[in-house]
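Peer 1: sequence unknown, structure follows:
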């Protein structure tokens, strides 16, 4: 079984991937020389350590790729949310512009802020809808 280089190479392949390395190593240690036990111990430690490192690297790589995908999804979601908010605000101002002149007067804004839905919507953004003058001054700048 161990007579040539090809047979020895096949034995190492078999030891590494079959899980039956103790059977092969035991025979060499018992029949050839007991010092081969050190060689096999070092070999098994390095092979097992190397495979564990490769498997861990694959997990880390996949985790990093997934986190990048999550960041891309978050950016896409925030962008679409911002676009929707912009459309909602444009619709709100178009609704407030009752004179259809493209400008919102203080009275139009005051009428708009009297609607409960608009008040609730502005409150969600942390804007106090009761102070019409302050909102008008902020928008006027």
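Peer 2: On my side now, so go ahead. All figures in this text were calculated on a predicted structure; none of them were measured in a lab.

Peer 1: Nearest the middle, which residue of this protein would you pick?
Peer 2: Central residue of the chain (C-alpha atoms, centre = their mean): residue 67, 1.9 Å from the mean position.

Peer 1: what's the helix or strand for that one?
Peer 2: In this structure, residue 67 is located in helix 36-96 according to DSSP states H and E.

Peer 1: Could you name the helices and strands sitting against whichever helix or strand comes after that helix?
Peer 2: Downstream of helix 36-96, the first helix or strand assigned by DSSP H and E is helix 106-112. With contacts defined as 3 or more C-beta pairs under 8 Å, 6 or more residues apart in numbering; DSSP states H and E, helix 106-112 has these neighbours: helix 36-96, helix 132-140. (C-beta placed from N, C-alpha, C; glycine too.)

Peer 1: What's the separation between the closest residue to residue 105 other than its chain neighbours and residue 16?
Peer 2: Spatial nearest neighbour of residue 105, chain neighbours left out: residue 99 (7.3 Å); criterion: C-beta to C-beta, 6 or more residues apart in numbering. For residue 99, the distance to residue 16 equals 83 Å [C-beta to C-beta, to the nearest Å].

Peer 1: again, but for residue 111
Peer 2: Counting by C-beta to C-beta, the gap from residue 111 to residue 16 is 80 Å.

Peer 1: Counting neighbours, which bits of the host helix or strand of residue 9 end up buried?
Peer 2: Per DSSP H and E, residue 9 falls inside helix 5-18. Using 16 or more other C-beta atoms under 10 Å as the test for burial, helix 5-18 gives 11, 15.
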